[in-house]
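Engineer: this is a predicted model, with the sequence first.
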Amino acid sequence: MVKRYKDLIYALLCLSFAIIIGAAVYEHLAVWPRAYDAPPKSLSMFQGEFGLNPAPFWQSIHPVTLLLFTVTLIISWKTDRRKHVLLPLIGYVLVLITTFIYFVPELMEIVNTEYDDTVNQELTKRASQWESLSLFRLVLLIVLSLVLNIGLTKGNSKIA
């Protein structure tokens, strides 16, 4: 019975991590190409009373995922799954640190630029750099997710 709970918690972690990746892929396919098309005019989608605000989603999913990582690591510590949880957790924490140090502040500065009908080339360049680095971050998350998901194939019984 305990084994099933361990499997369920691990599967919930994988699902939560997949949700993060899915949301990031969606943003890179549907949001950022439009938002960064002709800034600052194209950034109006984030402004005003009904502007797009993805922050509540991201502020909710990351703590849940970190909690699931922590619980899964604890219950998998003495199993073959440990390295498949520990490596993605370390990578994810590093991604979160860079997100809070660079990605969020830079994004907030870009999307909160005052509306103007004229395309700002410097802003377009910054947005392009942000998007390229964010795509690299997404690829890293996908690789970490593969490592995490491979752990589902490993036994969760204690190592002798």
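Structural biologist: Everything's here; your move. Predicted model, so just to flag it, every value in this text is computed and none were measured. Numbers count the residues shown, from 1 in each chain.
Engineer: phi, psi of the nearest residue to T124 once chain neighbours are set aside?
Structural biologist: Closest residue to T124 in three dimensions, ignoring its sequence neighbours and counting by CB to CB, 6 or more residues apart in numbering: P39, at 5.7 Å. Heads up, the C-betas are built off the backbone N, CA and C, glycines and all. Here is the backbone geometry of P39 (degrees, to the nearest 10): phi -70, psi 150.
Engineer: swap in Y115?
Structural biologist: The phi/psi pair for Y115 (degrees, to the nearest 10) is phi -60, psi 140.
Engineer: please look at it and Q47 and confirm they touch.
Structural biologist: Yes - counting by CB atoms under 8 Å, Y115 touches Q47, with 6.6 Å between them.
Engineer: how many neighbouring residues does S134 have?
Structural biologist: Neighbour count for S134, taken as other CB atoms under 10 Å: 19.
Engineer: equivalent analysis for W58, please.
Structural biologist: W58 - counted by other CB under 10 Å - has 14 other residues nearby.
Engineer: tell me which element the residue lying closest to it once chain neighbours are set aside is part of?
Structural biologist: Once flanking residues are discounted, W58 sits nearest to A23: 7.7 Å by CB to CB, 6+ apart. Remark: A23 resides in helix 2-26, with elements defined by DSSP states H and E.
Engineer: pLDDT (mean, whole number) over that helix?
Structural biologist: Averaged across helix 2-26, pLDDT comes to 94.
Engineer: quick check, central residue of this protein?
Structural biologist: Centroid check for the chain by CA atoms, centre = their mean gives I20 as the closest residue, at 4.7 Å.
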